[in-house]
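K.L.:
sequence and predicted structure are below.
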Amino acid sequence: MPVSAYVQSPIFLIVAAVALFASAGTVAITGFWLYLAILAAIIVASLLALDPGLLQERMRPGGERPPLGL
């Protein structure tokens, strides 16, 4: 599996947590913690279940970096 998938997933969770809790103004909302826990479990399960070759192909089609713009 490409390292970038392992790096991008925690970054996404952190950004989601910051967006949720910053917009609410508090970290004492149990529903947000539950949502983040379920999201983290889904991400971990999907990283474990996907074929490493398939994940690598989807991250970088053709083995090259995708173009930034058209």
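P.N.:
Now that the structure is in, tell me what you want to look at. All values reported here derive from a predicted model rather than from experimental measurement. Numbering: from 1, shown residues only.
K.L.:
from residue 59, how far off is residue 69?
P.N.:
19 Å (CB to CB, to the nearest Å). To be clear about C-beta, it is placed using only N, CA and C from the backbone, and glycine gets the same treatment.
K.L.:
so those two - more neighbours on which side?
P.N.:
residue 59 (15 against 3; other CB atoms under 10 Å).
K.L.:
the more buried one contacts residue 5, correct?
P.N.:
Yes: the criterion here is CB atoms under 8 Å, and residue 59 meets it with residue 5 at 6.0 Å.
K.L.:
low-confidence ranges in the protein?
P.N.:
The chain contains residues with pLDDT under 70 at 1-3, 61, 63-66, 70.
K.L.:
again, 80 this time
P.N.:
Where the chain drops to pLDDT under 80, the residues are 1-5, 52-70.
K.L.:
list the buried residues for the lengthiest helix in the chain?
P.N.:
As assigned by DSSP state H, the longest helix anywhere in the chain is helix 3-24. If you call a residue buried by 16 or more other CB atoms under 10 Å, then helix 3-24 has these buried ones: 5, 9, 17, 20, 21.
K.L.:
C-terminal to that helix, what's the next element?
P.N.:
helix 30-49 (DSSP states H and E).
K.L.:
buried sites along the helix or strand just after that next one?
P.N.:
Helices and strands here follow DSSP H and E; after helix 30-49, the next one along the chain is helix 52-59. Under the neighbour-count criterion of 16+ other CB under 10 Å, helix 52-59 has 55, 56 buried.
K.L.:
counting by contacts, list what helix 52-59 packs against.
P.N.:
helix 3-24 (3 or more CB pairs under 8 Å, 6 or more residues apart in numbering; DSSP states H and E).
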